[in-house]
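S.K.: dropping the sequence and predicted coords here.
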Amino acid sequence: MKAITLKTPGGGVEQLSYVEVEKPNIQDGEILIKVKAISINPVDVKSRTGHGVFNHTKVEEGPLILGWDISGIVEESKSPLFRIGDEVFGMVNFPGLGKTYAEYVAAPANQVTLKPENISHEEAAAGSLVGLTAWQALVTDAHIQKGQKVLIHAAAGGVGHIAVQIAKYLGATVIGTSSAKNREFVLGLGADGHIDYHNYDWTNHPREFDFVLDTIGGDNIDNSLNVTKEGGSIISIPSGLNKSVVEKAKLKGVKGSFILAHSDGENMKDIANLMKKGIIKPHIFHVYPFTEMAQAHLQVESGRTVGKVVVVL
């Protein structure tokens, strides 16, 4: 089968190599998925360069295949959860080795879910990692309640634009940050207000938010803490996770935590249900063919993607 392997981590997109490898054999509890669409995330780019979750992927010898988000068709099943011909999607083995940059992927059946018929493979793949990250942050960890006021940073980005939609579904009042040019996009997601993060004076903003989702990190964590209510909470999800978030938050009477999303088929069912109903809809910035994986990486690496980048086979 066709696959894309990583020659050596730490370099540019020239390290991505197109090869022929053996189709994976599945074990009990797994399904073999013929891939239709792959979603590319910032963590893909960071892992390619030896960062991100690369340390979680160095457990096997042989060619390293990156990737986690997929949508496709079940070709073989050793699980009672799915039958041959089922259309499924999800995030595979994150933060371990997903191996989704390939024509076929062996996936634990309990990590994916059925794709709604009214959702394309491209949309399904695009909603996996970002959907799980937003759901696990807002629902599982923060327990967002109706009437709370929520701040979503980088609200035009992958995780951010899904988080806005989920927070609105949960009944929160949502403010999203982005550049001025993406203001209408963020408001179009359902956000109640917008902040242009360029040169914004966070020190004079009131401490009004019950919850802040920080997808940026760095100095932005301090800005976020300045506007979070005492007794409120902040979750940071950048790859540069560190315990200083917890310590700084504690000094301000705020619950601070950092999370890394994990594969979960039950959570994927929740996301699939919301996508089926049109409550959340991934925005696809650009679709690339499998032969242009390098261009997909470069687009994500640019930091100027609105929504998601998808690769199709």
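M.R.: Yep, that arrived. Numbering: from 1, shown residues only.
S.K.: which residues of the stretch 151-300 of the chain score low on pLDDT?
M.R.: Low-confidence segments of the stretch 151-300 of the chain, defined by pLDDT under 70: 239-242.
S.K.: what segments of it are helices?
M.R.: For the stretch 151-300 of the chain, helices defined by DSSP state H, counting those that start in this stretch occupy the ranges 158-169, 183-188, 220-226, 244-251, 265-276, 293-301.
S.K.: one more: the stretch 1-150 of the chain?
M.R.: Assigned by DSSP H, counting those that start in this stretch, the helices in the stretch 1-150 of the chain fall at 42-48, 121-126, 128-135.
S.K.: do you know which of those helices lies nearest residue 259?
M.R.: With C-beta to C-beta as the measure, helix 128-135 is the member of the helices of the stretch 1-150 of the chain nearest residue 259 (7.8 Å). In short, each C-beta sits where N, CA and C put it, glycine included.
S.K.: what's the offset of the closest one from the middle of its chain?
M.R.: Relative to its chain's centre, helix 128-135 lies at 5 Å (C-alpha atoms, centre = their mean, to the nearest Å).
S.K.: for it, packing partners?
M.R.: When contacts are defined as 3 or more C-beta pairs under 8 Å, 6 or more residues apart in numbering; DSSP states H and E, helix 128-135 packs onto strand 30-40, strand 69-77, strand 87-91, helix 158-169, helix 265-276.
S.K.: please identify the most buried of these.
M.R.: Of all these, strand 87-91 has the most neighbours on average by mean count of other C-beta atoms under 10 Å, namely a mean of 29.
S.K.: what residues sit buried inside stretch 294-301?
M.R.: Buried positions in stretch 294-301, judged by neighbour count with 16 or more other C-beta atoms under 10 Å: 294, 296-297, 299-301.
S.K.: pick out the most distant pair among these.
M.R.: 294 and 300 (11.1 Å).
S.K.: can you list the domains in this structure?
M.R.: As given by automatic domain parsing, the domain ranges for the chain are 2-127+282-312, 130-258.
S.K.: ok, which of the ones you listed comes nearest residue 269?
M.R.: domain 2-127+282-312 (4.7 Å).
S.K.: gap between the two ends of that closest one?
M.R.: When the termini of domain 2-127+282-312 are compared using C-alpha to C-alpha, to the nearest Å, they are 13 Å apart.
S.K.: the residue most central in space within the chain and residue 154, how far apart?
M.R.: In the chain, the residue lying closest to the centroid (C-alpha atoms, centre = their mean) is residue 130, at 2.4 Å. For residue 130, the distance to residue 154 equals 11 Å [C-beta to C-beta, to the nearest Å].
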